[in-house]
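**Q** I would like to see how this sequence folds:
(chains A and B)
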Amino acid sequence: MKFDIYDFSVLTKSIHESLNSMMGETAVMISEMVIVGIIFLTLFAVLGLILVYVERKICAFFQQRLGPMRVGFWGTAQTLADLIKLLLKEPLITKNADKFLFNLAPFVLIIASFMAMAAIPFAKGLHAFDIDIGVFYITAISSIGVVGVLLAGWASNNKYSLIGAMRSGAQIISYELSVGLSLLTIIVLTGSLQFSEIIESQREGWWIFRGHIPALIAFIIFLIASTAETNRGPFDLAEAESELTAGFHTEYSGMKFAFFFLAEFINMFIVAAIGATVFLGGWMPLHFGALESFNAIMDFIPPIFWFFGKTAFIIFLMMWFKWTFPRLRIDQLLTLEWKYLLPINLINILVMAFFVLMGWYF
Amino acid sequence: METIIFYILSLVILVFSVLTVTTKKILRAAVYLLFVLGATAGIYFMFNYNFLAAVQLTVYAGGIVVLIIFSILLTHQINTDLDKINIKKIALGIISSGLGIFLVLSTLNNHHFEASNKQATDSTIHGIGRALLSYSDNGYILPFEVISVLLLATMIGAIIIAKKVEE
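**A** Reported below is the predicted structural model:
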């Protein structure tokens, strides 16, 4: 084994053993749950802060501006200041709104993204929930988030919110199909839904290279569909400012608004992480078949950097989309999915299955 | 630990099942149903039957509840509370459900459960996939295909109903 020095399972095992020596079985289980929970909460907050800053900077650079510059070095503390502002805001509820559903909606969204996050492999051995149906599990969990969007739209007691929620619901439900099918195309190659096995199968090379043409088509479809599924531009008509003010979260303020905002960014991170794992090899370093010395150098870079690097690359692609393409209309959006992406996807899976049968991949 | 989680999940299922049928607001009923289905998926996860749990989440929680919410949002009576149910109906409901509980409990108590010696069936995704597509003794290829034909027929029917007739 080459990069065993970077194996996190040694660390996690030693923590587990030291906890075991201190207390009983149930207490160990609970304290481990608490530890993992705290780590994920911190990750959520940190990711949210970083992604919001990055988005604003990238947006600014695409528009030949500087973006936030005043708070901290190059505006790095800007999102922190925004967070404090959001914490201090008054939580408002519209008149005649269904208070219970209004308060519940942001939590449904954030819990769904929290649960999806659990199945993501960050590095070797750094994996909270390595379930044998990994990819299917994430698709299942992310289909619950749409309930939060629909509830938020209705409970706001506001026409714009409701229209935004309906648009968003239709969009998420239709694009879920394309995301699932494009991932399935690669599953045909890996023969497993478990994330650790999917990564292990890419030891010789990433699937996007080894699966060549059909894998590339699947990757492009995945990028388009996952951008749409996370309700980001150019598919952000659920919150099109010029038509709907802010869509389903128009009436939310303070922390509850922050939850929606955070969930959007975390969902973007999750789909980027899945894309990086399934298509770009997750935490596997870049390897070329015969170049031994090159491979050895690549092995020195810790897997966690590979993972976050690839994820950041896909996030950058998604932000690039957002700030360069004009927004689609709802009918164009649905036409794109049902008349173009879905048929291409279905044919692509057949092509991929044929390639695998004939052994036409590397 | 597992027992505690089991009781928590069962409690969630029981409480929200009751709330689903007693609430006056129709959209809330759908949300309570979501909790019930989610907790059921949790119980499947506890049994390590991950595939069924994920199916439960996708099909019921993510699919059917979303469809129910969509169709509720499209109705007119969404904002009006449901009518108060009269006592006669409540009494009839209690009697019939009481009879049902009595029937189930009496059978469960009289039945003697024996631990099975049979080998546990393969509940991993590989095992399920093979079982669904094999035509040997434990294969389910025929029902699988029949159901897919049924679904296809349903979809074609739905498209034809939804399609505008051009004169």
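**Q** List the contacts of the residue of chain B found nearest chain A.
**A** In chain B, the residue that lies nearest chain A is B:Gly62 (2.8 Å; Cβ to the nearest Cβ). Yep, even glycine has a C-beta here, placed from its N, CA and C like the rest. Counting by Cβ atoms under 8 Å, 6 or more residues apart in numbering or on different chains, B:Gly62 touches A:Ala140, A:Ser143, A:Ile144, A:Val146, A:Val147.
**Q** Helices - which of these land there?
**A** Of the contacts of B:Gly62, the ones assigned to helices by DSSP state H are A:Ala140, A:Val146, A:Val147.
**Q** Tabulate the residues you listed (TSV), appending pLDDT and neighbour count.
**A** Listed next are the ones in helices among the contacts of B:Gly62 as TSV, based on pLDDT from 0 to 100; neighbours: other Cβ atoms under 10 Å in any protein chain shown:
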residue	pLDDT	neighbour count
A:Ala140	85	26
A:Val146	83	27
A:Val147	84	24
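**Q** residues from the stretch 51-200 of chain A in reach of chain B?
**A** Residues of the stretch 51-200 of chain A lying near chain B by Cβ under 8 Å from any Cβ of the partner chain: A:98, A:100-101, A:104, A:131-133, A:136-137, A:139-141, A:143-144, A:146-147, A:150-151, A:154, A:162, A:166, A:169, A:173, A:193.
**Q** of these, buried ones?
**A** A:98, A:101, A:104, A:131-133, A:136-137, A:139-141, A:143-144, A:146-147, A:150-151, A:154, A:162, A:166, A:169, A:173, A:193 (16 or more other Cβ atoms under 10 Å in any protein chain shown).
**Q** how about the nearest residue to A:Leu49, chain neighbours excluded?
**A** A:Thr79 (4.7 Å; Cβ to Cβ, 6 or more residues apart in numbering or on different chains).
**Q** Is it correct that the one you found falls within a helix?
**A** Yes: per DSSP: H, G, I helix; E, B strand; the rest coil, A:Thr79 lies within a helix segment.
**Q** Tell me the confidence at it?
**A** For A:Thr79, the pLDDT comes out at 83.
**Q** What of A:Met33?
**A** pLDDT, read off for A:Met33, is 83.
**Q** Which helix or strand contains it?
**A** helix A:25-62 (DSSP states H and E).
**Q** neighbours around A:Ile301, how many?
**A** A count of nearby residues for A:Ile301, using other Cβ atoms under 10 Å in any protein chain shown, gives 14.
**Q** remind me which residues of the stretch 101-250 of chain A are low pLDDT?
**A** Applying pLDDT under 70 to the stretch 101-250 of chain A flags the ranges A:238, A:240-243.
**Q** whoops, I mixed them up, the stretch 251-362 of chain A
**A** A:289-290.
**Q** mind checking which helix or strand the closest residue to chain B within the stretch 151-300 of chain A is in?
**A** Residue nearest to chain B within the stretch 151-300 of chain A (Cβ to the nearest Cβ): A:Leu193, separated by 5.6 Å. If you go by DSSP H and E, A:Leu193 is not part of any helix or strand.
**Q** for chain B, where's the lowest mean pLDDT among helices and strands?
**A** helix B:125-133 (a mean of 81; mean pLDDT, DSSP states H and E).
**Q** Name the next helix or strand following that one along the chain.
**A** helix B:141-162.
**Q** do that following helix and chain A meet?
**A** No: between helix B:141-162 and chain A, judged by Cβ under 8 Å from any Cβ, nothing touches; the nearest distance is 11.4 Å.
**Q** Can you list the helices and strands that that helix packs against?
**A** Helices and strands touching helix B:141-162, by 3 or more Cβ pairs under 8 Å, 6 or more residues apart in numbering or on different chains; DSSP states H and E, are helix B:125-133.
**Q** buried set for the helix it packs on?
**A** By neighbour count on 16+ other Cβ under 10 Å, the buried set for helix B:125-133 is B:Ile125, B:Ile128, B:Ala131.
**Q** In space, what's closest to the second one - neighbours in sequence excluded?
**A** Residue nearest to B:Ile128 in three dimensions, not counting chain neighbours: B:Phe51, with 5.5 Å by Cβ to Cβ, 6+ apart.
**Q** Moving C-terminal from the helix or strand where the one you found lies, which element do we reach first?
**A** Assigned by DSSP H and E, B:Phe51 belongs to helix B:50-55. Next along the chain after helix B:50-55, taking DSSP H and E as the criterion, comes helix B:65-73.
**Q** Show the average pLDDT along that following helix.
**A** The average pLDDT within helix B:65-73 is 83.
**Q** ok, and does it reach over to chain A?
**A** Yes: in terms of Cβ under 8 Å from any Cβ, part of helix B:65-73 sits within range of chain A, namely B:Val65, B:Val66, B:Ile69, B:Phe70, B:Leu73.
**Q** which stretches of chain B have low pLDDT?
**A** Looking along chain B with the criterion set at pLDDT under 70, you get B:76-82, B:120-122, B:167.
**Q** So which bits of chain B are right by chain A?
**A** Counting by Cβ under 8 Å from any Cβ, the residues of chain B that sit close to chain A are B:1, B:25, B:27-28, B:31, B:34, B:38, B:50-51, B:54-55, B:57-58, B:61-63, B:65-66, B:69-70, B:73, B:78, B:124-125.
**Q** Just the buried ones among these, please.
**A** In the residues of chain B next to chain A, the ones that pass as buried (16+ other Cβ under 10 Å) are B:25, B:27-28, B:31, B:34, B:38, B:50-51, B:54-55, B:57-58, B:61-62, B:65-66, B:69-70, B:73, B:124-125.
**Q** just to revisit the earlier point, list the helices and strands the least confident helix or strand of chain B packs on?
**A** On a contact count with 3+ Cβ pairs under 8 Å, 6+ apart, helix B:125-133 meets helix B:50-55, helix B:141-162.
**Q** Count the residues that sit near residue 15.
**A** You didn't say which chain, so I picked chain A. Neighbour tally, A:Ile15, other Cβ under 10 Å: 13.
**Q** not quite, I wanted chain B
**A** 14.
**Q** That one should be in a helix, yeah?
**A** Yes: according to three-state DSSP, B:Val15 belongs to a helix.
**Q** looking at the helices and strands packed on helix B:125-133, which is buried most?
**A** Highest mean neighbour count of the helices and strands packed on helix B:125-133: helix B:50-55, a mean of 20 (counted as mean count of other Cβ atoms under 10 Å in any protein chain shown).
**Q** Give me the contact list for that helix.
**A** With Cβ under 8 Å, 6+ apart, helix B:50-55 has contacts from A:131-133, A:136-137, A:139-140, B:41-42, B:44-45, B:123-125, B:128.
**Q** With just CA atoms, put it into PDB.
**A** Extracted C-alpha coordinates of helix B:50-55, given in PDB (Å, rounded to 0.1, in the frame of the first residue of the first chain):
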ATOM      1  CA  ASN B  50     -30.500  -0.600   3.500                       C
ATOM      2  CA  PHE B  51     -32.000  -1.200   0.100                       C
ATOM      3  CA  LEU B  52     -35.600  -1.300   1.300                       C
ATOM      4  CA  ALA B  53     -34.900   1.800   3.500                       C
ATOM      5  CA  ALA B  54     -33.600   3.800   0.500                       C
ATOM      6  CA  VAL B  55     -36.600   2.600  -1.600                       C
END
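**Q** next one: that helix to chain centre, how far?
**A** 12 Å (Cα atoms, centre = their mean, to the nearest Å).
**Q** What of stretch A:352-362?
**A** From the chain centre to the centre of stretch A:352-362 is a distance of 29 Å (Cα atoms, centre = their mean).
**Q** A:Gly233 contacts A:Trp320, correct?
**A** No: shown here, A:Gly233 and A:Trp320 do not form a contact pair, counting by Cβ atoms under 8 Å, at 10.7 Å.
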